[in-house]
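*Asks:* Structure for the following, please:
(3 chains)
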Amino acid sequence: MSHEAALHTHESHGHDDHGHHEHHDTFLTKYVFSQDHKMIAKQFLITGMVWAVLGGLMSVLFRLQLGYPEASFPWLESILGKWAKGGQITPEAYYALVTTHGTVLVFFVLTAGLSGTFANFLIPLQIGARDMASPFMNMLSYWFFFTASIVMLSSMFVETGPFSGGWTAYPPLSALHDASPGSKSGMDLWIIAMALFVVSSLLGGLNYIATILNMRTKGMSMTRLPLTIWALFFTAVLGVLSFPVLLSGLILLIFDRNFGTSFYLSDIYVNGVGALSNEGGSAILFQHLFWFLGHPEVYIILLPAMGMVSEIMSVNSRKPIFGYMAMLGSLFAIAVLAFLVWAHHMFVTGLNPFLGSVFVLLTLLIAVPSAIKVFNWLTTLWRGNIRFTPGMLFAIGFVSLFISGGLTGIWLGNAALDIHLHDSYFVIAHFHIVMGVASMFGMFAGVYHWFPKMYGRHLNNSLGYIHFWVTMAGAYLIFWPMHYQGLAGMPRRYFDFSIWESFKQFADLNRFISTVAMIVFATQILFLINFFYSIFKGRKVTDPNPWKSNTLEWTTPINPGHGNWPGEIPEVHRWPYDYGKDGVDFIPQDVPVGEHESSH
Amino acid sequence: MNLYLSIAIIALIFVVIFQIAKASEYVSILKGEENSRKQNNKINGFLMIVFLVLGFVGIYVCNELYFGKTLLAYEAASVQGDKWDEMFWITLAVTGIVFVATQVILFWFSYKYQEDENRKVFFFAHSTKLELIWTAIPAITLTVLVIFGLRNWFYFTGDAPKNAMVVEVTGKQFGWIFRYPGKDAVFGKKYYKNIDPATNSVGIIWDDKYAQDDILTEQTMYVVKGQPVKLIIGSRDVIHDVGLTAFRLKMDAVPGIPTTMWFTPKFTTKEMREKTGNPNYTYEISCDQMCGNGHYSMKGIIEVVEQEEYDLWMAKQKAQYYTAFPEKDPEEAAKAADAGGKVKAAEAAKVPADSTAKVATAKM
Amino acid sequence: MSNVTTASTKEAKWWNGGKSPFDVEYGKVMMWYFLMSDAFTFGAFLISYGTVRFSTNGWPDPNKVFKSFPFAPEGVNAPLVFVSIMTFILIVSSVTMVLAVHAGKMMDKKGVVRNMIWTIIGGIAFLSCQAWEWNHLHHEGAWWGMNPFINADGTASTTNFTNFFFTITGFHGFHVFSGVVINIIMLIMTLTNQFEKRGHYLMIEKAGLYWHFVDLVWVFVFTCFYLL
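*Replies:* Model prediction:
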């Protein structure tokens, strides 16, 4: 008896809780220690945006060095002090900037800022739940992320600078205090920040999974979930299963750094220090642990963007997403394969060639589900009735970039080609297009699309169009020519190419890329202005369903408050993609199936 | 001052753009939101096609400007490189076709199916046939690429031919050390605790009988045109990577775990200078794995020469053992003998390396 | 026939929304996923241990390292006796945890309290044993970065034997410690009638899942360090 009864009492208890909250919100509980998933989503979004600006600024600074290696900018010294003596960025500063740019954008912006924002915002609203399964854990997740941010930020202000050995933090460079100034206390703070980040993503991920599995409203079967939710579900599973491996790797690393162990260290002689006593460790071990997270991480970044793009494309083409089950299947295939391909980042580490060949096969296998997704998106556009909202533009941009970057993945996944292209600018072009900019586009698409739901106001459309076209053109102008640099063998993470006979011919191109990068960065500032201005002064949303969309988040009032639906949670009767069915423009999910309606 | 000026200008531009955007919003309200939305839709639909066309023009221009500066502009400098180039062109053809087709479809559809009041959208939710087709085609194409790739991969990573000359490469912060095995063609054992930056930069165990004729050089490595070279790669401190761009190969240098790579150079450095038309051309070894602040300057040079030139060069090299222990050097000994200490020097030359045996107590 | 159809429709409805699939409470879903996640953490540690161990030439013999026993005279040779007792204690505490969960399902507060107390005592006993063992090894000169034990074949060993031993058993000990803290909180909540008021002891079940997981991990850790 007790079981069912127990659940019911528990749930009603939960509801009381929500009611309670609406009455006694203080500033602190409403805006700071909020347990409302919508507020937590906004916190993630804005923290992510702050990091995106910082990370973008870092890229502008190091692009300045690459584009104008000889020039001196006195104002740099006034900002960076000893890191830019005489107005020129020092190698230490350059490497610190490159490393922090990578870490911040991969983890703090495109993981926390993307899936943290949209998983929090969309899961309860789209599945028809009052909030997350555990709003308290959800809040904790944000505050762990916030603490991680503070620690990461503080690492930039230590005397010896932040970590500067690349975001992948390979030991021995990251394990030896004397190998590089950035490997001193900056690296300890880096590890602590990442450990806190792992805790945050774990708390968030568990919540997302439990909420999606358990809290769906009546009629919302798993195959009636919008693709956003499926994508966020797989993202959460990937995060929950892969981040702990990074945690293990980092624990071993911090022991190597500070407690005299030799997990990753063996046979090392450091200039100026002498031979170290460490023997028996394996430097490659860390790479296995790191990339066991690192590769799923790529999909943790990409899948939410794919989900949102699917949703936004369908809504704005006024057409069902083509091949819902195939989309689902390919998401699942990508999520599974994500765990089986990590060593393709390690083709040139002296990996056993046979093992390498297995990873080649598995890696190129990922191209199949990716291709299915692309073709399905294209078919979704076919014979649709496309509305170019800024969100839709970014969704189309995402597909274009995903194609361009995905195809170069076929090159790099093939070990025989990777053996030359590895760690060259070709790789930079590849992953920036497919993972960096594409996911960023997914995020922009999401922000433009759900901004009316978040803040009850519209973003300025014209600014949105300018933002899209400049960013889209800029993305290709920056990263397309980098393929050529990569084909010339230009290695990544070089502070200066002028001493290299093989690479110095690209000075003019570097200058061009740097200039475009600055323009694109400035355009993002324009977006920020649009964003913050529109929160307070934007055009008010009058229609609770401005995009004429089917999913549940548009069935609530414009500003739903904590608890999401003032009355009963709507019951779901159909899948979310009934657009243009039987000549009807759209049929929301909570509309019962009519008698004469055709079944799809 | 300049900074403030440029900030002010940028801020001004922002304000102008922002005001225009704001104004356009008011205009749209005046004109009727629906109308202006439709107008915007047309503009963006048109821009889709513009972007597609300009994109391809851009690709063409970029290719014109920069293809000549890549390695592909002239023949690969190694046998492996030829195979790499062949694979490059196959992969480029396959992905190129897919790239053009999908991008054209994407932007063309976006333009073609932009909102039109008279169009009735086609409710097309799935088609098993289509989905099977575009699962099968990529799968087959990729299988072909995998087969090509793995054949080359096993060739690249397979054993070097028996006649290969062997050079040991050791990376350190920030430079390269090369070791030749000397006349006996066998490397002496080494142990990292024996490293002495001045005389024994890789930690050779001197009392190993194979060690005493080993030759160490820094910065420049000599190899012979047409003869396969096998590199045994290691590192002294952090992970480095031996990047041989002209030969289209690279391999990590990992402390404690030796790796190998082999290649067959096709042209001497001189021939390459003629081919590229660059009188300063050299084969460069670039470090391709982040290794610290001097990463960008960790340059090595490979001189590919004809056999005769190599032999001449080799004859000039002195075994590192004699640099470490000048008193054991027969040449030095001869000089000393000339100076008068004949007996002593002869003795010194005869004494085996007992005195240094203590240095190497280690396991290998 | 009709029976079959009703059964299948019922089954399908678990996933149709409006209720938790199979009436599994969300906290339990979270706990299961957390345990999977934690299994990956331990898995990563143990696989790292395995790869380093098998790429090293020799390894100390556990029978010679873990041969001491508290209060026994110096030089006593009791290989693996002490750790067997530790393992036994932990397994028994798992049994008492099962009994506590069972009592919880029966809404038997007294049974829950009694068995939780036994479980907590078991956990504390295990931790004390571990503390003694660490302390003993430390006195023998073993610590992170220090390994006084030679390889089984008599050659000099690397420090990774002790490095991994202290890191992994320490990480496991930290889990046991957290488990004891959780169990104490559960005990206090039981004593203050919190679960009685809620009408269910689901929290005890979740704590139980965690506790069994920690036991299970110990079995692997035990196998890897003491038996192999």
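*Asks:* Surely C:Cys129 is in contact with C:Ile85?
*Replies:* Yes. Using Cβ atoms under 8 Å, C:Cys129 is in contact with C:Ile85, at 7.1 Å. Just so you know, the C-beta spots here come from the backbone N, C-alpha and C atoms, and that holds for glycine as well.
*Asks:* Which one's more surrounded, these two?
*Replies:* C:Cys129 (18 against 15; other Cβ atoms under 10 Å in any protein chain shown).
*Asks:* Look up how far A:Leu328 lies from that one.
*Replies:* If you measure C:Cys129 against A:Leu328 using Cβ to Cβ, to the nearest Å, the figure is 50 Å.
*Asks:* now do A:His177
*Replies:* Taken as Cβ to Cβ, the span from A:His177 to A:Leu328 is 49 Å.
*Asks:* So for stretch A:381-399, mean pLDDT?
*Replies:* Computed over stretch A:381-399, the mean pLDDT rounds to 95.
*Asks:* wait, stretch B:210-229
*Replies:* 93.
*Asks:* what does chain C put close to chain B?
*Replies:* C:Thr155, C:Ala156 (Cβ under 8 Å from any Cβ of the partner chain).
*Asks:* low pLDDT regions in chain C?
*Replies:* C:1-12 (pLDDT under 70).
*Asks:* Please tell me how far the residue positioned nearest the centre of it sits from C:Val221.
*Replies:* By Cα atoms, centre = their mean, chain C has its centre lying nearest to C:Val214, at 2.0 Å. Computed as Cβ to Cβ, the C:Val214 to C:Val221 distance reads 10 Å.
*Asks:* Common neighbours of those two, please.
*Replies:* C:His172 (Cβ atoms under 8 Å, 6 or more residues apart in numbering or on different chains).
*Asks:* pLDDT below threshold where in the chain?
*Replies:* No chain specified, so I'll use chain A. Short version for chain A, where the test is pLDDT under 70: A:1-24, A:599-600.
*Asks:* oops, I was thinking of chain B
*Replies:* Ranges of chain B meeting pLDDT under 70: B:1-2, B:333, B:335-364.
*Asks:* Which residue ranges make up each domain of it?
*Replies:* B:1-30, B:31-114+B:126-157, B:165-320 (automatic domain parsing).
*Asks:* what about C:Phe88, neighbour count?
*Replies:* So C:Phe88, with other Cβ under 10 Å, has 12 neighbours.
*Asks:* For it, identify the helix or strand it belongs to.
*Replies:* With secondary structure defined by DSSP states H and E, C:Phe88 is part of helix C:81-105.
*Asks:* what does B:Glu274 give?
*Replies:* Secondary structure (DSSP H and E) places B:Glu274 in helix B:269-276.
*Asks:* strands paired with the helix or strand just after that helix, and their directions?
*Replies:* Downstream of helix B:269-276, the next assigned helix or strand under DSSP H and E is strand B:283-287. Applying DSSP bridges, strand B:283-287 is found paired with strand B:240-244 (antiparallel), strand B:299-305 (antiparallel).
*Asks:* Return the set of buried residues in the helix or strand following the first one.
*Replies:* To tie it back to what came earlier, the one meant is strand B:240-244. Downstream of strand B:240-244, the first helix or strand assigned by DSSP H and E is strand B:249-253. Neighbour-count burial for strand B:249-253, counted by 16 or more other Cβ atoms under 10 Å in any protein chain shown, picks out B:Leu249, B:Lys250, B:Met251, B:Asp252, B:Ala253.
*Asks:* Strand B:249-253 vs chain A: in contact?
*Replies:* Yes. Strand B:249-253 lies within reach of chain A by Cβ under 8 Å from any Cβ, at B:Leu249, B:Lys250, B:Met251, B:Asp252.
*Asks:* close enough to count as contact, A:Gly260 and C:Asn147?
*Replies:* No. Counting by Cβ under 8 Å, A:Gly260 stays clear of C:Asn147, with 10.8 Å between them.
*Asks:* follow-up on the earlier one: out of the strands paired with strand B:283-287, which comes closest to C:Val81?
*Replies:* Closest to C:Val81 of the strands paired with strand B:283-287 is strand B:240-244 (Cβ to Cβ; 49.5 Å).
*Asks:* neighbouring contacts of the closest one?
*Replies:* A:348, A:423, A:489, A:491, B:78, B:169, B:171-172, B:176, B:231, B:233, B:250-253, B:261, B:263, B:283, B:285-289, B:291, B:298, B:300, B:302.
*Asks:* In a markdown table, list the strands paired with strand B:283-287 along with distance to B:Asp213 and mean neighbour count.
*Replies:* Shown next, in a markdown table, are the strands paired with strand B:283-287 (distance: least, Cβ to Cβ, whole Å; neighbours: other Cβ atoms under 10 Å in any protein chain shown):
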| stretch | distance to B:Asp213 | mean neighbour count |
| --- | --- | --- |
| strand B:240-244 | 24 | 28 |
| strand B:299-305 | 21 | 20 |
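*Asks:* Pipe the ones you listed into TSV and attach distance to C:Ser68 per row.
*Replies:* Converted to TSV, the strands paired with strand B:283-287 look like this (distance: least, Cβ to Cβ, whole Å):
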stretch	distance to C:Ser68
strand B:240-244	45
strand B:299-305	54
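*Asks:* where do the helices sit along the stretch 151-300 of chain A?
*Replies:* A:185-214, A:227-258, A:283-317 (DSSP state H, counting those that start in this stretch).
*Asks:* follow-up on the earlier one: ok, and for the helix holding B:Glu274, which residues are buried?
*Replies:* B:Thr269, B:Glu271, B:Met272, B:Thr276.
*Asks:* Could you do stretch A:530-543 as well?
*Replies:* A:Asn530, A:Phe531, A:Tyr533, A:Ser534, A:Ile535, A:Gly538, A:Arg539, A:Val541.
*Asks:* Which positions in the one helix or strand A:Asp508 maps to come out as buried?
*Replies:* Element membership for A:Asp508 (DSSP H and E) is helix A:507-537. Going by neighbour count (16+ other Cβ under 10 Å), the buried part of helix A:507-537 is A:507, A:509-518, A:520-524, A:526-527, A:529-531, A:533-535.
*Asks:* what subset of those is also close to chain B?
*Replies:* Among those, chain B is touched by A:Leu509, A:Ala522, A:Leu526, A:Ile529, A:Asn530, A:Tyr533 when using Cβ under 8 Å from any Cβ.
*Asks:* which residues does the residue nearest the centre of chain B form a beta bridge with?
*Replies:* Central residue of chain B (Cα atoms, centre = their mean): B:Gly243, 3.7 Å from the mean position. Note on B:Gly243: beta-bridge partners by DSSP bridges are B:Lys250, B:Ser286.
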